[in-house]
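below is the sequence, then the predicted model.
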Amino acid sequence: MQKGPVFRAIDRWGHIALEGLNPNSVSRLLRMAFARNGVDGESLSGHSLRRGFATWASRNEWGTKALMDYVGWKDVQSALRYVDTDAPFGDLAR
């Protein structure tokens, strides 16, 4: 499976579901993974992943359109809310 949601259910036989997990499940799974690795993840969520990715992409000079297309944002205002203010925002920084 090459396209679709990143976080999906996997049954005990290794079959991957076509649909994505419920957003609440993602947060719960993230917190469990952090706890298993000795990291306090109570304040983190799926939103944290999106924000972290947007900031990473911005710092690595992704263009505005590329980031918006990849994440699925329709307007620049949505994208700007997710990028840390100290990070340049791709081609907007120029």
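Sure, I can see it.

just the pLDDT at residue 36, thanks.
Here the pLDDT value assigned to residue 36 is 91.

wait, residue 2
pLDDT for residue 2: 70.

same check, this time on residue 50
Looking at residue 50, its pLDDT reads 83.

torsion angles phi and psi at it?
When quoted as degrees, to the nearest 10, the phi and psi of residue 50 stand at phi -60, psi -40.

what helix or strand is the residue lying farthest from the centre of the chain on?
The C-alpha centroid of the chain is most remote from residue 13, which lies 26.9 Å away (Cα atoms, centre = their mean). Using DSSP states H and E, residue 13 falls within no helix or strand.

change the start of the numbering to 887 and stick with it
All set: I'll call the first residue 887, so the last point we hit is now residue 899.

what sits closest to residue 896 if chain neighbours are left out?
residue 902 (5.4 Å; Cβ to Cβ, 6 or more residues apart in numbering). Heads up, the C-betas are built off the backbone N, CA and C, glycines and all.

that neighbour reaches residue 893, doesn't it?
No. Counting by Cβ atoms under 8 Å, residue 902 stays clear of residue 893, with 10.6 Å between them.

can you list phi and psi of the residue farthest from the centre of the chain for me?
phi -100, psi 0.

tell me the contacts of it?
Residues counted as contacts of residue 899 (Cβ atoms under 8 Å, 6 or more residues apart in numbering): none.

for residue 967, see how far away it is.
For residue 899, the distance to residue 967 equals 40 Å [Cβ to Cβ, to the nearest Å].

next SSE downstream of the longest strand seen in the chain?
What stands out as the longest strand in the chain, according to DSSP state E, is strand 902-906. Per DSSP H and E, the first helix or strand lying C-terminal to strand 902-906 is helix 909-922.

okay, now the unreliable bits of the chain?
Scanning the chain with the threshold set as pLDDT under 70 gives 887, 971-980.
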